[in-house]
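Asker: Here is a sequence together with a model predicted from it:
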Amino acid sequence: MKLKYLAASMLALSCASAMAEEVELKVIGAIVPEACDASFTGGGEVAYGNRYADILSDTEFTLLEEKTIGFTLNCPSGATTAGIRLVDNRGAAGVPAGIVGALPGARPNGSSTYAFAAQGGKQVGAYSLRFDGVTATTDAGTNPVDLIYKNTVGGGWVKNLTQSVLKHGDGHAVWNAFAVPGNLTPVDFTTLTGNFIVQAALNKAGELDLSDAVPMDGLATMHVAYY
């Protein structure tokens with residue numbers, strides 16, 4: 001028994017000695033992009049208000065008027081190469097089939113069309129987003145910029161001829177950026193301002209449950225992306 005106790009004591013001493021002889025030191029951190037703040041005017045809300053159901057058609061989608069909301073990217077730490085990614089939080093499943101064709105300027109592949117949340121399993125409608133009046137403040141002053149975009153899974157920057165705010169997600173992996181006119185390289189800026197032109201379209205009357213109010217509930221998130 002004494003031999004067992006002695007062996008156990010020696011084992012414990014050996015383990016304690018081994019633990020004291022070797023210990024790890026971690027030096028950690030991260031290099032992050034210079035931060036830019038994104039904001040919308042009016043708290044980020046585009047309001048269509050109440051619309052009576054009698055405006056709906058049984059055979060056609062109902063196009064609502066355009067609305068405008070301003071946005072700003074502000075980079076207080078200095079000139080930064082940045083752009084935006086738009087994510088549709090409602091998902092492409094909420095976009096009624098064929099409604100893209102009812103939205104003027106919307107891309108046929110649905111990459112600039114965003115959904116309203118379905119209500120009671122019914123698709124309510126969708127809306128498109130376009131850029132308007134975008135300017136960037138750089139070392140050369142404040143000037144209009146060209147809109148460019150890039151598919152994140154490959155390929156280079158391309159001029160955005162339709163002015164569409166292209167979404168990231170739902171099968172589309174797109175970055176939106178801004179360039180000096182005639183250039184395809186994202187520009188460094190300290191402040192970038194512009195507008196989104198919003199236009200909504202509603203589903204056909206027969207596709208909706210009109211026994212109660214049907215909310216138009218769209219939600220998209222604008223992320224700052226650094227290039």
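Answerer: Yes, it's here.
Asker: What number of residues are in the vicinity of residue 50?
Answerer: 7 (other CB atoms under 10 Å). Placement of C-beta: from N, CA and C, glycine included.
Asker: how much space between residue 207 and residue 61?
Answerer: 10 Å (CB to CB, to the nearest Å).
Asker: between the two, who's got more neighbours?
Answerer: Neighbours were counted for residue 207 and for residue 61 using other CB under 10 Å; residue 61 has more, 20 against 16.
Asker: hang on, the more buried one packs against residue 204?
Answerer: Yes: at 6.6 Å, residue 61 and residue 204 qualify as touching, with contact defined as CB atoms under 8 Å.
Asker: rewinding a little: shared neighbours of residue 207 and residue 61, anything?
Answerer: residue 96 (CB atoms under 8 Å, 6 or more residues apart in numbering).
Asker: what bridges to the residue minimising distance to the centre of the chain?
Answerer: The chain has residue 86 as the residue nearest its centroid, 1.9 Å off, counting by CA atoms, centre = their mean. Beta bridges link residue 86 to residue 167, residue 222, judged by DSSP bridges.
Asker: Double-check it against residue 170; I have them as touching.
Answerer: No: using CB under 8 Å, residue 86 is not in contact with residue 170, being 10.7 Å away.
Asker: Now do the shared contacts for those two.
Answerer: By CB under 8 Å, 6+ apart, no residue touches both residue 86 and residue 170.
Asker: where do the helices sit along the chain?
Answerer: Per DSSP state H, the chain carries helices over the ranges 2-21.
Asker: Residue ranges in it under the pLDDT threshold?
Answerer: 1-20, 32-34 (pLDDT under 70).
Asker: quick one: the strands in it?
Answerer: With DSSP state E, the ranges of strands along the chain come out as 37-40, 62-74, 80-88, 113-115, 125-138, 141-144, 146-151, 158-159, 174-179, 188-189, 191-202, 220-226.
Asker: So which of those is nearest residue 106?
Answerer: Closest approach to residue 106 among the strands of the chain (CB to CB): strand 125-138, 4.2 Å.
Asker: Between strand 191-202 and the closest one, find me the angle.
Answerer: Relative orientation of strand 125-138 and strand 191-202, computed by axes from the mean of the first three to the mean of the last three CA atoms, to 10 degrees: 170 degrees.
Asker: Okay, buried residues for strand 125-138 please.
Answerer: 125-131, 134-138 (16 or more other CB atoms under 10 Å).
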